[in-house]
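**Student:** How does the following fold in three dimensions:
(one chain, ligands or ions: 1)
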Amino acid sequence: MSTANQATIQEAADYIRAKSGIRPEIGLILGSGLGILADLIQDGISIPYQDIPHFPVSTVEGHEGELLLGTIEGRAVVMMKGRFHMYEGYGPQLTAFPVRVMKQLGIQSLLVTNAAGGVNTSYEAGDLMVISDHLNLTGQNPLIGPNDAALGVRFPDMSEAYSRRLREIAKQTAAQQGFSLQEGVYAGLLGPNYETPAEIVMLRTLGADAVGMSTVSEVIVARHAGIEVLGFSCITNMAAGILDQPLSHDEVMDTAEKVREKFLNLVLAIIPQM
Ligand code: HPA
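**Tutor:** Numbers count the residues shown, from 1 in each chain. Take a look at the predicted model:
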């Protein structure tokens, strides 16, 4: 494993291009439960992460590691089946390396999804939230170190990290499908423990509506690279201390499974409009 620089990014992208003639326009990084979208990719090929030069390899059991290229609803996509979390021990640069490779492959927009706890007490488990903004509370940043001007500017603007245009499309599409999306701020923490009730009170005070352990580093790198971003959280549980019950990964997976079809249909209808 090595750090992201032009040579390593280029090598990874060259390897992928040699395997597939697909020139992706859209990148997909889908969290818990939506990996099944992989089955809907047409004329696709899959490349195990371990075969791609410099690519990180997932350590979490049950988290798969393949890059898929193909078309969905007529759009050329590249999809990560399995993502990297900083709680696995990867540095922030490494979690974001795949985004840089996707950029090199030609993507202009990125769709990211995650499972998250509901911090906003008007939310319910099973809600879908379009991310309006985030709080990077990981204590880390994927852009630390010397800046390569070929990849982006030293001090990237984050005032519209999550595209207003794509958020509007998301809300309209959900309305057409007969439901309304929540829209709110995602707080990204390092994890891997779930938060304490006191931390959830703090996050609510800070303006968070949902909390999770992914997404922010990928989005920071995507914005650095000038990629337009759309993000969704599946509210799989209410965050710690809101309900009188402990949190568990099983609950997270159960809820993700229950909303999967609705979430999948939304994403499928949005992709052609991106
Ligand atoms: N906290 C952090 N991450 C999560 C949660 C949560 O409550 N639910 C799903 N991912």
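**Student:** so what's Gly188 up against?
**Tutor:** 134-138, 211-217 (CB atoms under 8 Å, 6 or more residues apart in numbering). Every C-beta, even on glycine, is put in place using the N, C-alpha and C of the backbone.
**Student:** could the residues you listed be laid out in TSV, adding neighbour count, pLDDT and secondary structure?
**Tutor:** Formatted as TSV, the contacts of Gly188 follow (neighbours: other CB atoms under 10 Å; pLDDT from 0 to 100; DSSP: H, G, I helix; E, B strand; the rest coil):
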residue	neighbour count	pLDDT	secondary structure
His134	22	98	strand
Leu135	16	98	strand
Asn136	20	98	strand
Leu137	17	98	strand
Thr138	21	96	coil
Val211	27	98	strand
Gly212	26	97	strand
Met213	23	95	coil
Ser214	27	94	coil
Thr215	26	96	coil
Val216	30	96	helix
Ser217	26	94	helix
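**Student:** ok, now how distant is Gln182 from the ligand?
**Tutor:** Note on Gln182: its distance to the ligand, by CB to the nearest ligand atom, to the nearest Å, is 15 Å.
**Student:** Quick check: nearest residue in space to that residue, chain neighbours excluded?
**Tutor:** With sequence-adjacent residues excluded and distances taken as CB to CB, 6 or more residues apart in numbering, Gln182 is closest to Met129, at 4.0 Å.
**Student:** next helix or strand past the host helix or strand of the one you found?
**Tutor:** In the assignment (DSSP states H and E), Met129 maps to strand 128-137. Moving toward the C-terminus from strand 128-137, the next helix or strand (DSSP H and E) is helix 164-176.
**Student:** Could you check the angle whichever helix or strand comes after that next one makes with helix 164-176?
**Tutor:** For helix 164-176, the following helix or strand on the C-terminal side (DSSP H and E) is strand 182-189. Put simply, strand 182-189 runs at 120 degrees to helix 164-176, going by axes from the mean of the first three to the mean of the last three CA atoms, to 10 degrees.
**Student:** Give me the sheet partners of strand 182-189 and which way each runs.
**Tutor:** With DSSP bridges as the test, strand 182-189 is paired with strand 128-137 (parallel), strand 210-212 (parallel).
**Student:** Convert that strand to CSV, retaining C-alpha atoms only.
**Tutor:** C-alpha atoms of strand 182-189 as CSV (Å, rounded to 0.1, in the frame of the first residue of the first chain):
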residue,chain,number,x,y,z
GLN,A,182,-35.5,14.1,5.1
GLU,A,183,-32.7,16.6,4.4
GLY,A,184,-30.0,17.3,6.9
VAL,A,185,-26.5,17.5,8.2
TYR,A,186,-24.4,14.3,8.5
ALA,A,187,-21.8,14.2,11.3
GLY,A,188,-18.9,11.9,10.4
LEU,A,189,-17.1,10.4,13.4
